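Student: Turn this into a structure:
(one chain, ligands or ions: 1)
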Amino acid sequence: MTKQEILLAQQEYLFPAVFHYFSEPLVVRRARNQFVYDDEDREYLDFFGGIVTISVGHCNERVNRAVHEQIDRLEHVSTVFATEPQVRLAKTIASLTPGGELTKSFFTNSGTEANDTAILAARCYTGSSEVIALRHSYHGRSSLGMALSGHGNWKLGGAVEPGIVHAHNAYCYRCPFGLTYPDCGVRCAQDVEDLIRTSTSGKIAAVIAEPVQGVGGFITPPPSYFRIVAGIVRNHGGLYISDEVQTGWGRTGGKWFGIEHAGIVPDIITAAKGLGNGMPIGVTVARPEVANALKGLSISTFGGNPVTTTAAKGVIDFIREENLLQNAADTGAYLRSKLEQLQEKHAAIGDVRGMGLLQAIELVEDRRTKAPAAQLTARVLEAARGNGLLIGKGGLYSNVIRISPPMNISPADVDEFAVRLDRSLTSAAAAA
Ligand SMILES: Cc1ncc(COP(=O)(O)O)c(C=O)c1O
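Tutor: The predicted model follows:
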């Protein structure tokens, strides 16, 4: 199909909810490592990685070799039969969880399903249905996922579910209490006690939180926020669920999971995206006593699929063999320094934040008022495309540029990225 045929067919045959970036959608034909190629075979440096999903490079050769072998041997039987790839992956994941304490996995196809499973398990384990989520969070597109999400834009159909309340998050750049860290005493976290006492029965099933709020614009709370919240919730009988769909598998640098930076061992971790490097896989991994509470009939037909679990095992092996946890920390620090240099040059960059290779810049009209610069952000994305660079967008006000390249990039890639982003920021500001 030609590019035009693809775009016309998309309009005619797909739900309009399948939206894209850019005034003229980018048609992608192929990708390899850190590069994506359009219909004219034009090369783009991909610093968004298919929405924080390409963890080890597009079409990773070693991972895909294992996938090809597996797909020709056994493609699907469902979880009513036992297969080696599923248990091999579960055993590997158990060895990576904080303290080795989360040892039982339930596989699905997406982050949404991983979170649905986590909430179900927490409810079965505690006998309570009440859940605390955070404002500015995103947890998926099922009814439950949308109800958990603290982001009005993503609550289609007015998603509601009784028993879910939303706590303040630690959005230090726009503190909900108008305070400054650390003098604030992490008031937003302390407020969770009040939230539980005023807005719930006092007996909680769980809190669910992202270590870095992805869709929210890579909002990065201080580690003490999570420690305080976990303590309060556990005092009220609740479990701690860490949604690591964006932050898992080393992306935050130095650790397999983002929550480890706060020194917390969660009761449940959910993950997807980077685990499969593009293969559809989600996992809910829990302490055994929590997993054992989810009794009775529950099935995911494609969950634990031999092909996707083989891919995920290959991704984890690659991350280990190539020492990518360290690369995410080191190259992430280098990326951060480049963004901070750009902040000195471009007045529109109000905030630079993130961890490891999960970094963002928040664009504002004016650094004093912090008025969100949504239109400028859209122009920067377009300009970056013109400069052969793919970056992401996010935040409640659509004014945050999200940067999440594959974890096996080099400092030279970061240098090239910085040159192209600099050029894009300059031309987008001039076009105002
Ligand atoms: C933190 C987080 N949780 C859950 C999800 C939902 O994952 P999926 O789109 O695979 O259902 C996302 C997706 O962006 C996410 O960022």
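Student: ok, the residue in the chain that the ligand sits nearest to - how many residues close by?
Tutor: Using Cβ to the nearest ligand atom, the single residue of the chain nearest to the ligand is residue 111, 2.4 Å away. C-beta: built from backbone N, CA, C; applies to glycine. Neighbours of residue 111 under the rule other Cβ atoms under 10 Å: 28.
Student: And residue 112, by the same measure?
Tutor: 22.
Student: Is it correct that the residue of the chain closest to the ligand is in contact with residue 248?
Tutor: No. Proximity of residue 111 to residue 248 does not meet the contact threshold set by Cβ atoms under 8 Å, at 9.7 Å.
Student: Touching both of those two, which residues are there?
Tutor: With contacts defined as Cβ atoms under 8 Å, 6 or more residues apart in numbering, the residues shared by residue 111 and residue 248 are 271, 273.
Student: In terms of helix, strand or coil, where does residue 313 fall?
Tutor: The three-state label for residue 313, taken from DSSP: H, G, I helix; E, B strand; the rest coil, comes out as helix.
Student: what phi and what psi does the backbone show at the closest residue to it other than its chain neighbours?
Tutor: With Cβ to Cβ, 6 or more residues apart in numbering as the measure, residue 89 is the residue that lies nearest to residue 313, at 4.8 Å, once sequence neighbours are left out. When quoted as degrees, to the nearest 10, the phi and psi of residue 89 stand at phi -70, psi -40.
Student: need the contact list for residue 89.
Tutor: With contacts defined as Cβ under 8 Å, 6+ apart, the neighbours of residue 89 are 105, 107, 309-310, 312-313, 316.
Student: Can you pick out the most distant pair from those residues?
Tutor: The widest separation within the contacts of residue 89, taken as Cβ to Cβ, falls between 105 and 310 and amounts to 14.9 Å.
Student: just checking, residue 240 touches residue 262?
Tutor: No. Distance between residue 240 and residue 262: 10.3 Å, which falls outside the contact criterion (Cβ under 8 Å).
Student: Return the residues in contact with residue 214.
Tutor: Taking Cβ under 8 Å, 6+ apart, we find residue 214 in contact with 52, 138, 245-247, 358, 394, 402.
Student: For it, give its distance to residue 339.
Tutor: Between residue 214 and residue 339 the distance is 17 Å, computed by Cβ to Cβ, to the nearest Å.
Student: repeat for residue 183
Tutor: Remark: distance between residue 183 and residue 339 (Cβ to Cβ) = 26 Å.
Student: neighbour-wise, which of the two wins?
Tutor: Set residue 183 next to residue 339 and count neighbours by other Cβ under 10 Å: residue 339 wins out with 22 against 7.
Student: Let me know the pLDDT of that one.
Tutor: At residue 339, the model reports a pLDDT of 98.
Student: now it, nearest residue through space, not along the chain?
Tutor: In this structure, residue 339 finds its nearest non-sequential neighbour in residue 352, 4.7 Å apart by Cβ to Cβ, 6+ apart.
Student: Distance of residue 312 relative to residue 66?
Tutor: Residue 312 sits 10 Å away from residue 66, taking Cβ to Cβ as the criterion.
Student: ugh, typo on my part, it should be residue 140
Tutor: Summarising the geometry, the distance separating residue 140 from residue 66, computed by Cβ to Cβ, is 28 Å.
Student: more neighbours, the two?
Tutor: residue 140 (24 against 19).
Student: I figured that one hits residue 154, correct?
Tutor: No. Taking Cβ under 8 Å as the definition, residue 140 is not a contact partner of residue 154, at 9.0 Å.
Student: which residues are common contacts for the two?
Tutor: Shared contacts of residue 140 and residue 154 (Cβ under 8 Å, 6+ apart): residue 146.
Student: May I have the residues that are in contact with residue 189?
Tutor: Contacts were defined as Cβ under 8 Å, 6+ apart; by that measure residue 189 touches 170, 224-226, 228-229, 232.
Student: so is it in a helix, a strand, or just coil?
Tutor: Classification of residue 189 into helix, strand or coil gives helix, according to three-state DSSP.
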